[in-house]
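>>> Just the structure for this:
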Amino acid sequence: MTGYPTQGRRWQISTEGGDFAQWNPKGGELFYWNGRQMMVVAVTTGANFSAGRPRLLYTGQLGLVSPDGQHFLSVLGGPTQQAREINLMIDWFARGSGETP
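Residues are numbered from 1 along each chain as shown. A predicted model of the protein is given here:
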């Protein structure tokens, strides 16, 4: 990770690799994928940046973080599993407050 818009000091967040990093929209956390694992790291931003240790949030496939940073839309299960039911939520991002349909 490096500063933006100016690039200066760099910080290593993951020691095992990672892709598709996303900030928690409310701040304080960074989410990223390590293979099929959604990882989360507590961060402090501002004049002094610091990052905690990565921890496993859940195992699944690529997904999205809701605007409240507390809900995730992801594919769970594996390629050999058949879906018996699919639930589709309309305006998922608009429901970032945790509302249920």
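>>> Could I get the CA-only coordinates of stretch 44-59 as PDB?
Below are the C-alpha coordinates for stretch 44-59, written out as PDB (Å, rounded to 0.1, in the frame of the first residue of the first chain):
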ATOM      1  CA  THR A  44      -5.400   3.700  11.300                       C
ATOM      2  CA  THR A  45      -5.100   6.500   8.700                       C
ATOM      3  CA  GLY A  46      -4.100  10.100   9.000                       C
ATOM      4  CA  ALA A  47      -0.700  11.500   9.800                       C
ATOM      5  CA  ASN A  48       0.500   8.200  11.100                       C
ATOM      6  CA  PHE A  49      -0.600   5.100   9.200                       C
ATOM      7  CA  SER A  50      -0.700   1.700  11.000                       C
ATOM      8  CA  ALA A  51      -2.100  -1.700  10.100                       C
ATOM      9  CA  GLY A  52      -3.000  -4.600  12.300                       C
ATOM     10  CA  ARG A  53      -2.600  -8.300  11.500                       C
ATOM     11  CA  PRO A  54      -4.800  -9.700   8.700                       C
ATOM     12  CA  ARG A  55      -7.500 -12.100   9.900                       C
ATOM     13  CA  LEU A  56      -9.900 -14.300   8.000                       C
ATOM     14  CA  LEU A  57     -13.400 -12.900   7.600                       C
ATOM     15  CA  TYR A  58     -14.900 -15.800   5.600                       C
ATOM     16  CA  THR A  59     -14.200 -18.200   2.700                       C
END
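>>> If you count neighbours, what's buried in it?
Neighbour-count burial for stretch 44-59 flags Ala51, Pro54 (criterion: 16 or more other CB atoms under 10 Å). In short, each C-beta sits where N, CA and C put it, glycine included.
>>> Go ahead and name everything in contact with it.
Counting contacts by CB atoms under 8 Å, 6 or more residues apart in numbering, the residues outside stretch 44-59 that touch it are 1, 9, 11, 13-14, 16, 27-28, 30-32, 34, 36-43, 72, 74, 76.
>>> So which of those residues sit within strands?
In strands, defined here by DSSP state E, the members of the contacts of stretch 44-59 are 30-32, 34, 37-43, 72, 74.
>>> just for this protein, where's the confidence low?
Low-confidence regions of the chain, defined by pLDDT under 70, span residues 1-8, 75-90, 92-101.
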